[in-house]
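J.: fold the following.
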Amino acid sequence: MTWLHYGIVAAVACIVTMALVPAVKKLAFKVDAVDYPNARRVNKKPTARFGGVAMFGGLVAALASIWIGTTFFDWHYPLHSPVSRNIWYPGVAAGVVLIFLIGAADDILDLRPRTKLIGQIAAASIVAASGLLLSDMHNPVGPGFVDFGIWAYPITVFYLVAFMNVINLIDGLDGLASGITAISAFTMFVFAVLTFRVDAAFLSVGLIGICLGFLRYNFNPASIFMGDSGSLLLGMSLGIVSLFATTRSALFVSLLVPILVAGVPIIDTASAIIRRLRAHRPIQQADNGHIHHQLLREGFSQRKTVLIMWGWTAVLAVSAIFITETHGAARLAFMAIAFGVSAFFVVRLHLLGPVLRHHYVPRPATGQKRANEAFNKASESLGGKDEKPPSPESR
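T.: All right, here's what the predicted structure looks like:
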């Protein structure tokens, strides 16, 4: 496989995505897949959030170009490796299509979080059932392999669902998720080439292409958002690419690559979960405590915030590649760089504040709550609003 072939696939994905965006914007307003301004969102006017449709079209075009190249132009067939024979690729594709449809439905209908989660689990289960599994790895503390056995299926499902949600949660500023995904996909492309996984390399350049094509319209000031149709599609595809690229080697250090590559959204997601648990709020409830919100509060513009987070991701991505290709002191040095840069951003930008601060607000007992409501209604009917209802202790 030549670099020209990879370039053609990326170019097709990019051009088709760009070509589809104008039509998708019109479609979004017809089906009301629109983000309206509110206190939490940064957009100042109604903006289409159906960009995932254009990205899906670009990805399909990229896969079609691979088929045309292998069928008519003697490209190297990407599914010849022994590992590939254990994977049912139509099933993997079905999982990707399903998660795209779930995301598109959410863009239009605003699905309940539980419904979306069930859909994510179903799509990831289809991929796992198709043979793309995180089934074993080298023992990090001793000789031999760690075989996950039957646990490979739930582990893989959890892994893919986690990838979908970290990309979904990071999609909060113009160009942020698409840029981070492009950087991550390029890193996985390099790793796929190093491990001779042509399938992973092709899907990686397809992802790079659709992200770059979408950035033409999504970078600040954005005229369209990717929506859940885009973020879930990117998250699932990136998770699949990482499994393609790591299942051959099964080296413990190779499994660090997708974790480091997605390090910024993983940190953001973990802090969001802790923050919401400490605030006694549902994990799925949106807030404005994400990393990009913190950077905006620090005084950075939208563009600078996005560029900072891209740069952070790039440092982690480069470190991930060198960690897999070095040994001993050099590997430890690159691990230290990745950790040090992340620690600098976390501390310097005060990103731990919303996580460490305890937001607990005591909830009144049920009886007291009802008494408060009844008292308020009575006060309003009598015109008195300054008094307080009697507490249980005073009665």
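
J.: any idea which residue sits dead centre in the chain?
T.: residue 167 (1.2 Å; Cα atoms, centre = their mean).

J.: you'd agree residue 10 is up against residue 205?
T.: Yes - in this structure, residue 10 is within contact of residue 205 by Cβ atoms under 8 Å, at 4.3 Å. In short, each C-beta sits where N, CA and C put it, glycine included.

J.: need the overlap of contacts for the two.
T.: In terms of Cβ atoms under 8 Å, 6 or more residues apart in numbering, residue 10 and residue 205 are both contacted by the residues residue 62.

J.: show the backbone phi and psi for the residue nearest to the residue nearest to the centre of the chain when sequence neighbours are not counted.
T.: Leaving aside its chain neighbours, residue 167 sits nearest to residue 235 (3.6 Å; criterion: Cβ to Cβ, 6 or more residues apart in numbering). Dihedral pair for residue 235: phi -60, psi -50, per degrees, to the nearest 10.

J.: surely residue 235 meets residue 170?
T.: No - using Cβ under 8 Å, residue 235 is not in contact with residue 170, being 9.4 Å away.

J.: ok, now how distant is residue 183 from residue 151?
T.: 31 Å (Cβ to Cβ, to the nearest Å).

J.: make that residue 299, sorry
T.: To residue 151, residue 299 is 47 Å away according to Cβ to Cβ.

J.: which one's more surrounded, the two?
T.: Between residue 299 and residue 151, counted using other Cβ atoms under 10 Å, residue 151 has the larger neighbour count: 11 against 8.

J.: from residue 240, how far out is the more buried one?
T.: Distance, residue 151 to residue 240, using Cβ to Cβ: 19 Å.

J.: and the closest residue to residue 269 other than its chain neighbours, backbone torsions?
T.: Leaving out its chain neighbours, the residue that sits closest to residue 269 by Cβ to Cβ, 6+ apart is residue 166, at 4.7 Å. Backbone torsions for residue 166, taken as degrees, to the nearest 10, come to phi -70, psi -40.

J.: compute the number of surrounding residues for residue 166.
T.: 25.

J.: same question, residue 207
T.: By other Cβ under 10 Å, neighbour count at residue 207 equals 30.

J.: over to residue 150?
T.: Residues lying near residue 150 (other Cβ under 10 Å) number 7.

J.: how near is it to residue 120?
T.: 21 Å.

J.: following the helix or strand that residue 259 is a member of, which helix or strand comes up?
T.: Under DSSP states H and E, the secondary-structure element containing residue 259 is helix 252-261. Where DSSP H and E defines the elements, the next helix or strand beyond helix 252-261 is helix 263-278.

J.: would you mind writing the CA trace of the next helix or strand after that next one as PDB?
T.: Using DSSP H and E, the helix or strand that follows helix 263-278 in sequence is helix 291-297. Output of helix 291-297 as PDB, limited to C-alpha atoms (Å, rounded to 0.1, in the frame of the first residue of the first chain):
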ATOM      1  CA  ILE A 291     -12.100  21.900  30.700                       C
ATOM      2  CA  HIS A 292     -13.100  24.200  27.900                       C
ATOM      3  CA  HIS A 293     -15.400  26.100  30.200                       C
ATOM      4  CA  GLN A 294     -12.600  26.600  32.700                       C
ATOM      5  CA  LEU A 295     -10.300  27.900  30.000                       C
ATOM      6  CA  LEU A 296     -12.900  30.400  28.800                       C
ATOM      7  CA  ARG A 297     -13.300  31.500  32.400                       C
END
